[in-house]
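Novice: please find the sequence and the predicted model below.
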Amino acid sequence: MPNVLYITNLPTPYRLPLYRELGQRLALEGVLLEIFFLGYSRSDRAWNIGEEDFAGLKYSIAKHPSQILIRDAAAAIARSRPAVVVLAWAMDLAALRLMLHCRLRGIPCIVVSGETLRSAANNPYAFLRNIFRRPVFRFASAFITYGTGSTEYLLASGVEPERVVTGINVVDTDYFSRCVDELRINGAAAEERARYGESFSCHLLFVGYLLPEKGMMNVLAAFGGIERSDIALHVVGSGPEMDALRSRVERDGLAGRVFFHGYRQIDQLPLYYALADILIFPSLEEVFGLVMVEGAAAGLPMIASANAGGTADVVNDGVNGIIIDPADIDSIAAAIARLADDPALRRAMGAASRRVAGGTLNLRESARRYMDVIMRYIRR
């Protein structure tokens with residue numbers, strides 16, 4: 001039985017469902033999928049992942065986690081003898097070393113890339129990164145991208161179109177849709193909304209890691225500027241900017257309208273999406289933005305940053321959301337006020353978001369696109 005070795009950085013609750021879907025589809029073709037986790041991460045978020053989350057997956061984890069020393073990954077390739085290797089974490093030096101390792105052994109190597117033109121240009125080490133990425137662009141058998149923005153970056157870097165497949169960066173949208181619907185139907189969402197008082201006719205939601213580049217300072221400036229006592233803002237997440245955001249809320253007299261919920265595990269998130277009327281995604285810089293995919297699955301209209309790589313794939317301006325310049329506080333305020341004042345528009349946009357999630361933003365479509373590339377090399 002031919003096998004595929006999928007090498008990535010670490011297990012996350014957002015990616016495991018995709019691996020499971022892909023593994024099941026490959027198994028139908030007589031191909032085995034094995035996941036190898038390098039075991040490192042640049043994030044300090046503490047995901048709760050148990051053995052049950054790995055059900056149905058063949059996987060292993062590096063014994064000596066390192067961004068540079070990749071001997072465990074090379075050993076996994078030697079042990080597995082894969083027909084295809086997928087490298088899915090970053091186009092860094094470790095990825096290049098593994099790619100050359102595979103090339104010397106005649107193993108096709110597919111690279112998963114989320115980089116965009118904007119994120120590449122804004123990286124402080126752009127010049128050095130571009131130097132060692134040239135052999136990556138040249139020697140990779142194929143690329144699967146996070147979305148349209150990532151594809152544009154590869155094409156602009158000289159990668160031939162026939163080696164690039166525009167993938168779909170998704171979460172388990174069926175899970176989010178199902179949970180949100182259940183919470184709305186059984187009254188749990190309405191009960192949660194009631195906890196904040198009857199004066200709020202509209203609930204605005206932000207979900208994310210609290211860093212300056214997430215743009216929440218601008219949202220607070222816009223939120224304070226519109227002086228609306230009927231709109232509540234819920235902030236779900238933690239991070240280095242938490243204290244500064246809390247201080248801004250106190251300083252601007254927003255304490256009764258802005259609610260900080262802290263970090264929440266993935267199974268706790270549907271409640272916040274279910275109680276919300278609008279999702280706001282204001283990142284000043286973002287490679288993709290999976291929060292928008294969750295918002296689409298929840299059937300929410302979105303106020304989305306034009307600077308995020310995933311906005312073009314998730315949000316159709318005026319159809320299922322409003323695309324804003326995240327540095328323009330007036331445009332953020334106008335978008336919030338427009339959606340808050342028009343429940344019919346929110347419902348229409350929310351329904352459109354659900355259609356997008358059902359059509360392309362789901363595990364089935366994402367796995368299909370991975371399959372198309374992988375099976376091309378398996379059949380060879």
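Specialist: Received, thanks. Here the structure is a predicted model, which means the values were calculated and not measured. Numbering: from 1, shown residues only.
Novice: sketch out the low-pLDDT regions of the stretch 201-350 of the chain for me.
Specialist: Residue ranges of the stretch 201-350 of the chain with pLDDT under 70: none are present.
Novice: please, where are all the helices along it?
Specialist: Taking DSSP state H, counting those that start in this stretch as the test, the helices found in the stretch 201-350 of the chain are 216-226, 242-251, 269-275, 290-297, 311-314, 329-340, 343-359.
Novice: hang on, isn't residue 301 packed against residue 350?
Specialist: Yes - between residue 301 and residue 350 a contact is recorded at 5.4 Å, counting by Cβ atoms under 8 Å. For the C-beta atoms, the positions are set from N, CA and C on the backbone; glycine is no exception.
Novice: now do the shared contacts for the two.
Specialist: residue 320 (Cβ atoms under 8 Å, 6 or more residues apart in numbering).
Novice: comparing those two, which residue is more hemmed in?
Specialist: Ranked by neighbour count (other Cβ atoms under 10 Å), residue 301 and residue 350 place residue 301 first, with 28 against 21.
Novice: contacting residues for that one?
Specialist: Residue 301 touches 277-279, 320-322, 339, 345-346, 349-350, 353, counting by Cβ under 8 Å, 6+ apart.
Novice: helix, strand, or coil at the closest residue in space to residue 159 that isn't next to it in sequence?
Specialist: Spatially, and ignoring its direct neighbours in sequence, residue 159 is nearest to residue 137 (5.2 Å; Cβ to Cβ, 6 or more residues apart in numbering). Counting by DSSP: H, G, I helix; E, B strand; the rest coil, the backbone at residue 137 sits in helix.
Novice: residue 137 and residue 8, how far apart?
Specialist: Residue 137 sits 20 Å away from residue 8, going by Cβ to Cβ, to the nearest Å.
Novice: again with residue 263
Specialist: Distance from residue 263 to residue 8, by Cβ to Cβ: 22 Å.
Novice: who's more crowded, those two?
Specialist: residue 8 (20 against 15).
Novice: the residue nearest to residue 159 against residue 158, yeah?
Specialist: Yes - applying Cβ under 8 Å, one finds residue 137 in contact with residue 158, separated by 6.2 Å.
Novice: returning to that earlier point: who's in contact with the residue nearest to residue 159?
Specialist: If you count contacts by Cβ under 8 Å, 6+ apart, residue 137 has them with 154, 157-159.
Novice: repeat that for residue 244.
Specialist: residue 217.
Novice: could you dump stretch 234-244 to CSV, C-alpha only?
Specialist: C-alpha atoms of stretch 234-244 as CSV (Å, rounded to 0.1, in the frame of the first residue of the first chain):
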residue,chain,number,x,y,z
HIS,A,234,-17.4,40.6,23.3
VAL,A,235,-13.7,39.9,23.2
VAL,A,236,-12.8,36.2,23.3
GLY,A,237,-9.1,35.5,23.5
SER,A,238,-6.0,36.3,25.5
GLY,A,239,-2.5,37.6,24.7
PRO,A,240,0.1,40.2,25.3
GLU,A,241,-2.2,43.2,24.5
MET,A,242,-4.9,42.1,27.0
ASP,A,243,-3.9,44.6,29.8
ALA,A,244,-3.6,47.5,27.3
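Novice: buried set for that stretch?
Specialist: Neighbour counts over stretch 234-244 (16 or more other Cβ atoms under 10 Å) mark 234-239, 241-242 as buried.
Novice: pick out the residue nearest the middle of the chain.
Specialist: Centroid-nearest residue in the chain, with Cα atoms, centre = their mean: residue 290, separated by 2.6 Å.
Novice: so what's it closest to, chain neighbours aside?
Specialist: Nearest residue to residue 290, sequence neighbours excluded (Cβ to Cβ, 6+ apart): residue 171, at 5.7 Å.
Novice: hmm, who's touching stretch 157-167?
Specialist: Looking at what lies outside stretch 157-167 - Cβ under 8 Å, 6+ apart - the contacts are 112, 133, 137, 140-148, 150-151, 154-155, 366, 369-370, 372-373.
Novice: could I have the buried ones of the residues you listed as ChimeraX selection syntax?
Specialist: To isolate the buried ones among those in ChimeraX, judged by 16+ other Cβ under 10 Å, type:
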select :112,133,137,140,141,142,143,144,145,146,147,150,151,154,155,366,369,370,373
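Novice: the contacts of stretch 157-167 in helices, which ones?
Specialist: 133, 137, 148, 150-151, 154-155, 366, 369-370, 372-373 (DSSP state H).
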